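>>> Attaching a predicted model along with its sequence, questions to come.
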Amino acid sequence: MMSGGQGGGPSSGTASANMHRANEISVFGEAMDYFNEAAANLALDPNIKRILTHPSRQVIISIPFQRDNGELEVYTGYRVQYSFARGPAKGGIRYHPDVTLDEVTALAFWMTWKCAVVDLPFGGGKGGVTCDPAKLSRSELERLTRRYAADIIEVIGPDKDVPAPDVGTNPQVMAWIMDTVSMHNRAHTPGVVTGKPLNVGGSRGRVEATGRGVMIVVEAALAKMGKALAGRRVVVQGFGNVGSISAKLLRERGAVIVGISDQYGGLYDPRGIDVDAAIAHVNNPRNVRHSLEGFAGERLTNAELLELPCDILIPAAIENQLTEANASKIKAHLIAEGANGPTTPAADGMFSQAGVTVIPDILANAGGVTVSYFEWAQDRMGYYWREPEVNARLEQVMRENFDAVWELAQERKVTLRTAAYMLAIRRVVDSLMTRGIYA
Ligand code: NAD
């Protein structure tokens, strides 16, 4: 089934039209908060606003697949292509039991602004399958992935929509999607997905890209404030891909990492944590839960970790960690959102009042999608860059767009978040107006 702007999508203009279950708050509706504030600052034309508050296309599919025991099950999958104004849609695929059309639409909406704020030639998209990947065998995961890919094959492709990994999916899942599409097309099509393993067209530097981008914007923000990174105390929540790499790279540049955590709790050492040793501890095959438990430092909860004395706080775990309840207790003067949506709008307002600078998620964690863009470009050229080239180009993209957001925030006396949305919306609107509205 397909619905969307051209065929039966929400026409009332209400974001909650996409809600999956009755009486639930719409994630897509909530995602509008920051957009609306920026749109008001831009005095956005109501006709354009109507277009930008509707997803271009929403695809819902039923995915029959065979369990290892022979039983057939039918799962629901989605692909939402929020905007094509600046290029093919771009965004991850999530495998999680809570995936709904409403959530996938909100994530595709965010991807639209994330791609635009770092000036990538992409629109925004996202996909998902409502399933629990932890309960599937490897062969079940492969069959589910291939059937999902085959069912959305008309709408994805290097010139249409380029998926990537998200929660519950990984480079192997991307390799299966690439292979399925290549088999159906009878043509090698590596540019259909990014986040692939290196040996099937992945990009060097992709694994570190999001953490590297966080490090770059932190350094850039401090430079604007006339401060150096060396000696600054940093707390990082979440020690997965984004958190551990951010901590490692910031430490390499002289910052002192005083707190780190994972889902099982945190560690505090005011003298500085040896991040490389902590990464080795987590990756040790004997550490079955791959947790920080047993590593040197004072143990504390994630709630306590966020309130530690420090200069810079990097939430890099999950959403809604900085709320009305703890915002006034945060000691950091600079927050860089490695995670998506770690700050609630209420907490964001409190930080703005208190003079705490927040580098918003759509900018701070855009390093990943930027190197995904490099992967797509390399796949299309069939020519692959060395890692220093990838890192240098990433640094250029992050710095240029950080500067543009910073300057807009100063000029319009708004927060970095509002400025980031304003810049992104302005870029999408400019592309839309240049193309013209085919109405
Ligand atoms: P990950 O799975 O590699 O790591 C997540 C970390 O958070 C783990 O250490 C986990 O133990 C910890 N965690 C989970 N629940 C927690 C909780 N309740 N309290 C404290 N810690 C908890 O994930 P990741 O790829 O590092 O992604 C982290 C965040 O960054 C997510 O919000 C993700 O959407 C966002 N993000 C990731 C990328 C990327 O390229 N990986 C890009 C953009 C945004």
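Cool, the structure landed. Numbering: from 1, shown residues only.
>>> Could you pull up the contacting residues of the residue minimising distance to the centre of the chain?
The centroid of the chain falls nearest to N340 when counting by CA atoms, centre = their mean (5.7 Å). With contact set as CB atoms under 8 Å, 6 or more residues apart in numbering, N340 has these partners: 110, 319, 361, 365. Any C-beta I mention is one placed from the backbone N, CA and C, and that applies to glycine too.
>>> repeat that with 10 Å
By CB atoms under 10 Å, 6 or more residues apart in numbering, the residues touching N340 are 107, 110-111, 114, 166-167, 242, 315, 318-319, 361-362, 364-365.
>>> what packs against the helix or strand containing I260?
Per DSSP states H and E, I260 falls inside strand 256-262. In this structure, strand 256-262 packs against strand 233-237, helix 241-252, strand 265-268, helix 275-283, strand 298-300, helix 302-306, strand 312-315, with contacts taken as 3 or more CB pairs under 10 Å, 6 or more residues apart in numbering; DSSP states H and E.
>>> circling back: quick check: the gap between the residue nearest to the centre of the chain and T210.
11 Å (CB to CB, to the nearest Å).
>>> what residues are shared contacts of those two?
242, 364-365.
>>> export those residues to CSV and tack on neighbour count and distance to the ligand?
Shown next, in CSV, are these (neighbours: other CB atoms under 10 Å; distance: CB to the nearest ligand atom, whole Å):
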residue, neighbour count, distance to the ligand
V242, 27, 4
A364, 32, 9
N365, 26, 4
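>>> Looking at these, which one is closest to E387?
V242 (18.5 Å; CB to CB).
>>> what about stretch 210-227 and the ligand, touching?
Yes. Stretch 210-227 lies within reach of the ligand by CB under 6 Å from any ligand atom, at T210.
>>> in that stretch, what's buried?
Buried residues in stretch 210-227, counted by 16 or more other CB atoms under 10 Å: 210-222.
>>> buried sites along stretch 312-322?
Of the residues in stretch 312-322, 312-317, 321-322 count as buried by neighbour count, 16+ other CB under 10 Å.
>>> ok, back up a step: which of the contacts of N340 fall within strands?
Of those, the ones assigned to strands by DSSP state E are P315.
>>> so which of the contacts of N340 comes closest to R57?
Using CB to CB, M111 comes nearest to R57 of the contacts of N340, at 13.7 Å.
>>> residues from this structure in reach of the ligand?
So far as CB under 6 Å from any ligand atom goes, the chain lies against the ligand at 210, 237-243, 261-263, 302, 316-318, 338-340, 365, 368.
>>> Can you get me the centre-to-centre distance for the strand holding I260 and its chain?
Relative to its parent chain, strand 256-262 has a centroid offset of 22 Å by CA atoms, centre = their mean, to the nearest Å.
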